[in-house]
Every structure is written in structure tokens, then in C-alpha cells.
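[1] Here's a sequence, model it:
(4 chains)
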There are 2 protein chains.
Amino acid sequence: MRPTMNDVARAAGVALKTVSRVVNGEPGVNESTAARVREAIQELGYSRNEGARMLRRGRTATIGLVIEDVGDPFYAGLSRAVEESVIRHGYLLLTGSSGEDPGRERELVRAFCDRRVDGLIVIPAGSDHTYLRPELDAGTPAVFVDRPPGPGIDADTVLCDNAGGAALAVGHLLRHGHRRIAFLGDSPSIFTATERLRGYRETLGELFDERLVTMRPATLEGVRADLDRMFALDDPPTALFTGNGRFTMTTLRALAGRWLPLVGFDDFELADLLSPGVTVVAQDPAGLGRVAAELLLRRIGGDDGPSEHLRLPVRLIVRGSVER
Amino acid sequence: MRPTMNDVARAAGVALKTVSRVVNGEPGVNESTAARVREAIQELGYSRNEGARMLRRGRTATIGLVIEDVGDPFYAGLSRAVEESVIRHGYLLLTGSSGEDPGRERELVRAFCDRRVDGLIVIPAGSDHTYLRPELDAGTPAVFVDRPPGPGIDADTVLCDNAGGAALAVGHLLRHGHRRIAFLGDSPSIFTATERLRGYRETLGELFDERLVTMRPATLEGVRADLDRMFALDDPPTALFTGNGRFTMTTLRALAGRWLPLVGFDDFELADLLSPGVTVVAQDPAGLGRVAAELLLRRIGGDDGPSEHLRLPVRLIVRGSVER
DNA sequence: GTGAAAGCGCTAACAT
DNA sequence: ATGTTAGCGCTTTCAC
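    Take a look at the predicted model:
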């Protein structure tokens, strides 16, 4: 169907290898010969079959990215930054969403490895990554982002400062005189949720009260029920700390009219336009993606130093949802 | 480095072809032989090299997706739907963002085709797609989404009803008594912007006034300047129609305090939580992605009927930013 | 039921 | 400066 190097060689009246030289810009070809080859290429509409090339060369110039959900703004931003970084180095990106399903994560990794991607960037859904051991041993580097790999796997990891961010949020509320601060976070099985809980707990110290903590998927009904329960306490919360962007939005919806001082983890579009503007602890999704990509590219380049564990800073953005 | 079928064959004491049969679940292998092969596979940690397989079979089970920007919620949603659809059919997705740059779009398409993707889904940035002709002729189907291909290229296209949506928006404002309705949209070079302008213009009829139209990138400064200019008119606008999600948000920021009845094209997260809630014409990004993916899969499956041009409906979501 | 040989489109190593 | 040969890891064809 499509013309091959052989077709070009025949058309130009040269040997296969000469075409290869021209296509790859290798030296040692007479300019007039090269011109004839280029002409034939043009004529036939030849384009190199990268699949064949890669089979021969042993590298695919492809990186596999497993994220939680491309549809989520946080991961979409991360994704974009990864793409931006790797494409500049001549790599393409195979992407897939795990949808928080460990099985799916594993299938994607498997499919990517079967295609011999040169490296993997994974936002893990599961907590067991021993299945990756053979791939790592076979020389396919992997970088974990946003959450660390399960036990027994020693790979590069880029996280953000979850506990520190929670401390920032809670500290801000404490400074505004709050002593009853509720935490609404994701399921404890999710690493970031647990880390944020830890930061919250440690910062509250004596003030910690487990009745003011709820951890579960961010459904509107769930959050409503939890808030109702907390508000019915003798000593109800006077402020809220929401554990991620999704939770912040869901909580704002659940409050519907009522209002309570609030700090959310994760910045989000329009946080500044709500009234009052929502004070948040902002992560840097693009930064996570960029750093992870650069680390991976270094590994692909041959850096086999000890695995790195990076933690990116977060920052508090005060917008008024605490002071009003 | 990694074990090959040959290694497995040697380890199991069978011929290469027998391993191939087992790996591919082909019939005609003795169960005891098959068991020995499977054992060797396990032992060596063999996994099939899909690249080699594809070279031989002539198809890659990969689809290339060129979008504008994965970081944008609209395209992220579309992207996710495409992924969902194709993965169910055993395909993986190569993705890239054009960033509204025709050159980059072309490079991505080229890179995807060099890897012999089985099909392309493109949200075009440019307006000339004749470069795709050879690929289409070579049998690589392409589906255009959100915007049509440039002239001279006859490919499947999935759009949403841009003009109809604009008519819905403007009609809604007219019914609320507005006669001076401004349109703030993207650059005229962008298909959707021009289509929405057309719907706006046709619905306004005699009421159309070009001084109430501005089309340019959605920068805060630009929108501010345009609004100031319009408000300074003898007959200033009493309502706004914003041409896409980004514009709606930018306009809300530019208004900063001031308030004007407004309808936006594109739904967006938190549109309901702003006060007042923002009335929008909602597209269905996931629908666009799903329909495009299904159409492409049909083409890959061999359907070579005449090219299809689908237009998905939009709907008005009334939230209060007009009635207040 | 099993295997040997050819070849997918390319690059690497070695002639000439 | 150009060409020949082998082989990447697999599937296809055909023979036993």
C-alpha cells in the first residue's frame, strides 16, 4: 500500500541503504544522488515507517502516561505539562485513564510495556505495584506522580507537600480564631487524602476531634449528610477544610446558601469569582508534570543514580472565604 | 535484554511457531505442549513485543488524537470520551495538543502517521488540510471534530450546532426584552466563533449592530477594553452573549462587580454556583468525542461509504444570569 | 499437531 | 561514495 524504502530505491535507481542515508541525513552521499532520492521520495509520497525503525533500533521514542482521569482539571493540567516536556525531546505520548481502578491501571501499564515504551509516568490508582518489577528490571524507567508506588517498589516519585499544605490551611483557620475545624476528604485509601488528614491532625493537636472528620467519595448526598451530622453536634464546626478541589466544589454546593469559613486544598478555575472568593492551598499540577517528565527523560538518558523522591511546595492563596 | 519468542521456544523445547500459537490462542496445540510453553513464558517473564507484531500484521491498534489543548476542560472531556470508546475496542491512544498552531497540528499528524496509526481524530487548528490527502489515500481514515477540515478535503466531520446554539442564546435574551445584545467571541479565524457569530447575526436581524461585536483572543485586557468601548456608546448594550467558556469567564472577571444580563456559549464547572448562576448554551464534549470515535472505528472496520457530516444538538440551560 | 522458511520495513556492520 | 548482508521479533505460508 504505502511505498517503502525499497520502492524509493528502485525509483531512484540506487540501493536501499542510500535511501536510508538520505532519509536519516547521514553523510557520505553525493549531492546529485541525494537529490535524485529526494525526488523519488517526493514523487512516491514516501514517509518512513517508524514502527519498523523502532523495531530495529530498540527504542520507540514513546512514553506511556497513566493518569486518573484526563477529564479532571488537575490531571489535565499535569498531562499537558508532561506532553509539553516530552514532545520537545522528540517523544510522543501514549495516554490512558485508570479511573481510580487498579486493574485498569495495570492493564494500561501492561499495554504500554508491550509496546515497549521508553518510559512510564504513572499516577497510581492501586497500592500494589510489584507487577512493575519485571518492567523496571528490563530497563523501562517509571516515575510516579502525585502518589507514591506501593511497598517494595523503589522508583522515582514526585509528590506535592500534602501534609504541609494541610498545615497551611489549618494554620490559617486557627489564626482566625477557629477551634472547631472540620475536615472533609476523600477515602483513606487515597494517599493524598491520608497525608492531608495527617497534616490537619498534627496541626490541630489537642483540638483534633474525630467527629469533625469525614473521608469518603465526594458525592453531594454524602457531603450533605456529613455536614448535617456535624452541625447537629453540641459543639459544631465553625470552619471547614476541604481535602481536594472536587470536595471544595461539592461542599460549596452542599452548603447552598448557608455559609461557613472555608479553606480548600487545590486551586480551581473561578475560585476567585465566587463570593466570597475561596481561599485555597494551591498545588502546581503543571509543575508536577514537568518535573516528572524531566526526571523520566534523565532516566531514559541513562541516569541510573538512586531513585529520587521529590516533594513540590504548595502555597496558600487567601481570597476571603475565611475573613469574609 | 527482554526475552523473545525464540527464547521461550528454546526454554520449552519447541519451535518458535508453537510459542506463537500458544501466545495467540490459536488451535492445534497439544494441551501438554501448551502447558510447557506457558510455564516457560512465566519463568522468563515473556511478554509479546507488540511493535514487532504490528510490523508484520500491518496494523498498530493505535489511534492518533490531535486536540487543541488537553488542559482545557472542554477538550479534556472530549478526550476522555474518545479514550473510553477506543480502548474498549482494544486501541490505544496517541495524544498531542496543537495549541491552536497549524504547524504543530501538522507535525503531530505527521508523527502519528509515521507510526502508522490506524486512524486519526483531529480537532483542527489550521484551515488547510491538503497535507492529509496522501494519508487519506493511503487508507488512514480521519475524523474531524468540533471544526471542519479546510477546503478540498472530504472527511467525516462531527460538529455541534454552533449557529443554532447562538440563536438559542440570542433568542432567550430577545424574549427578555433586550434589543442591544453584544457578542464577545474568539478570532474570526476560528470556525466555531464565526458560526456563532452567524447565528447571532441571523437571529438579531435588523437589530444587528457591528459596534456591539468583538472577535479576538480572550484576554482580560482585551475584553475590558471592548466592554468600555461598548458601554461608552450612546446606545450601549443591555445584555451580553459570550462566544465560548473561556470568554464567559474572562468577561465575568472583566465586569468585576458591574453586572449585565449574560448568556454564555459552553457550560462550565461552577456556572451554577456563581451568583447569579450563569445561563449557558451547553455543548456535549463527551458526546462529540464518543460519536467521533465510533465513526472512526467504523471506518477502520472497513466502512467506506460517503463521508458523514454530523451536527450534535446543544441546549439552553437557564440559571438566572438573564432574569436575575 | 508441529515446524522450517520467508518476510514485514527498517538500520547496523561490513564490504567494495 | 555506494552496496550487500544480516537481523530486530514477530506472523504467514506451507510442508511434514
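[2] can you give me the helices for chain A?
    Ranges of helices in chain A, per DSSP state H, are A:5-12, A:16-23, A:31-44, A:50-57, A:73-87, A:102-114, A:133-137, A:162-175, A:191-204, A:220-231, A:245-255, A:285-300.
[3] ranking those by burial, who's on top?
    Highest mean neighbour count among the helices of chain A (mean count of other CB atoms under 10 Å in any protein chain shown): helix A:73-87, with a mean of 24. Bear in mind the C-beta positions are built from the backbone N, C-alpha and C, glycine included.
[4] so what's residue A:6 up against?
    Residue A:6 makes contact with residue A:16, according to CB atoms under 8 Å, 6 or more residues apart in numbering or on different chains.
[5] any low-confidence regions in the stretch 51-200 of chain A?
    Applying pLDDT under 70 to the stretch 51-200 of chain A flags no residue at all.
[6] returning to that earlier point: distance to DNA strand C added to the helices of chain A, as CSV?
    What follows is the helices of chain A, written out as CSV (distance: least, CB to the nearest atom of the strand, whole Å):
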stretch, distance to DNA strand C
helix A:5-12, 3
helix A:16-23, 4
helix A:31-44, 10
helix A:50-57, 3
helix A:73-87, 20
helix A:102-114, 16
helix A:133-137, 23
helix A:162-175, 44
helix A:191-204, 41
helix A:220-231, 54
helix A:245-255, 45
helix A:285-300, 16
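[7] can you list those helices in CSV and add distance to residue B:293?
    Below are these laid out as CSV (distance: least, CB to CB, whole Å):
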stretch, distance to residue B:293
helix A:5-12, 33
helix A:16-23, 33
helix A:31-44, 32
helix A:50-57, 22
helix A:73-87, 18
helix A:102-114, 17
helix A:133-137, 29
helix A:162-175, 35
helix A:191-204, 31
helix A:220-231, 30
helix A:245-255, 26
helix A:285-300, 25
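[8] Mind checking the ones you listed for the one nearest to residue B:18?
    helix A:102-114 (20.5 Å; CB to CB).
[9] who touches the closest one?
    Contacts for helix A:102-114 (CB under 8 Å, 6+ apart): A:64, A:66, A:94, A:96-98, A:120, A:122, A:124-128, A:131-132, A:135, A:140, B:47-50, B:92.
[10] Let me see the backbone angles for whichever residue of the stretch 101-250 of chain A sits closest to DNA strand C.
    For the stretch 101-250 of chain A and DNA strand C, the shortest gap (CB to the nearest atom of the strand) falls at residue A:116, measuring 13.4 Å. Residue A:116 adopts backbone torsions of phi 60, psi 50, taken as degrees, to the nearest 10.
[11] Contacts only, for it.
    Residues near residue A:116 by CB under 8 Å, 6+ apart: A:54, A:59, A:60, A:140, B:49, B:50, B:51.
[12] Excluding chain neighbours, what is closest to the first one?
    Read it as residue A:54. Spatial nearest neighbour of residue A:54, excluding adjacent residues (CB to CB, 6 or more residues apart in numbering or on different chains): residue A:60 at 4.7 Å.
[13] Can you verify my assumption that residue A:183 contacts residue A:243?
    Yes - in this structure, residue A:183 is within contact of residue A:243 by CB atoms under 8 Å, at 6.6 Å.
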